[in-house]
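>>> Give me the fold of what follows.
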Amino acid sequence: MSRVGKYPVPVPSGVTVQIAGRDVTVQGKNGNSTLTLTDEVDASVESTGVWVKPRSETKRARMMWGTTRALIANMVKGVSDGFTVNLDINGVGYRAAVQGKVLQLALGYSHDVNYPIPDDVTIKCDKPTSISISGRDKQRVGQIAAEIRSYRGPEPYKGKGIKYDTEVILRKEGKKK
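Numbering: from 1, shown residues only. Below is the predicted model:
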């Protein structure tokens, strides 16, 4: 039995949830998101929130019960508050800047890395060594953060590279004389 799925998804004020057939649409101040339900689960909107129930007691139905509830909860949070991932850049000469719809990264390569900013995501660089990625889709924000981090991941000796702000780099001891 799903421990996540048996609770309703609370819907804050300013957010509307509509279910039409197998599609769940959530609208809020950050836009709208849509999810197509699988055949294993049903969803209903009640006064206490959005309830997700499995259609049968198969293993797949019970797996999709909690997964669907979590996806709907992420959609509700995304259209009301949004998601943000912060990246830090460490290293001499490593820096980032937003130029129009392009994120320019100077990461010690012979040329700057230019990352085109998608329309559904906002990227800000308050300082040259910090990047803030925000949007309404949790998966999309995390994927873009992972792509930017992959250009120059943190190395274990000096800690140079791009890392998540919550990430702890395990440092190695260098060569001994």
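
>>> Just name whatever secondary elements the host helix or strand of Ile19 is in contact with.
Using DSSP states H and E, the element containing Ile19 is strand 16-20. When contacts are defined as 3 or more Cβ pairs under 8 Å, 6 or more residues apart in numbering; DSSP states H and E, strand 16-20 packs onto strand 23-28, strand 41-46. To be clear about C-beta, it is placed using only N, CA and C from the backbone, and glycine gets the same treatment.

>>> mind checking pLDDT for the residue positioned nearest the centre of the chain?
Centre of the chain computed as the mean C-alpha position; nearest residue by Cα atoms, centre = their mean is Lys138, 2.8 Å away. Each residue has a pLDDT score; the one for Lys138 is 94.

>>> ok now do it, which residues does it touch?
When contacts are counted by Cβ atoms under 8 Å, 6 or more residues apart in numbering, Lys138 touches Asn74, Lys77, Gly78, Phe83.

>>> and His111, how many residues sit next to it?
For His111, the count of nearby residues is 7 (other Cβ atoms under 10 Å).

>>> Look at it and report its pLDDT.
94.

>>> Quick check: it vs Tyr151, distance?
Using Cβ to Cβ, to the nearest Å, one obtains 12 Å as the distance from His111 to Tyr151.

>>> ok, Lys6 - contacts?
By Cβ under 8 Å, 6+ apart, the contact set of Lys6 is empty.

>>> and with 10 Å instead?
Counting by Cβ atoms under 10 Å, 6 or more residues apart in numbering, Lys6 makes contact with Trp51, Val52, Lys53, Trp65, Gly66, Arg69.

>>> correct me, but the third one touches Gly66?
I take that to be Lys53. No - if you go by Cβ atoms under 10 Å, Lys53 and Gly66 don't touch, sitting 11.7 Å apart.

>>> Neighbour count for the two, which is higher?
With other Cβ under 10 Å as the criterion, Lys53 and Gly66 differ in neighbour count, and Gly66 comes out ahead with 19 against 14.

>>> And the strand or helix carrying the more buried one, what does it pack against?
Assigned by DSSP H and E, Gly66 belongs to helix 59-80. For helix 59-80, the contact count by 3 or more Cβ pairs under 10 Å, 6 or more residues apart in numbering; DSSP states H and E identifies strand 16-20, strand 23-28, strand 31-36, strand 41-46, strand 49-54, helix 138-150 as packing neighbours.
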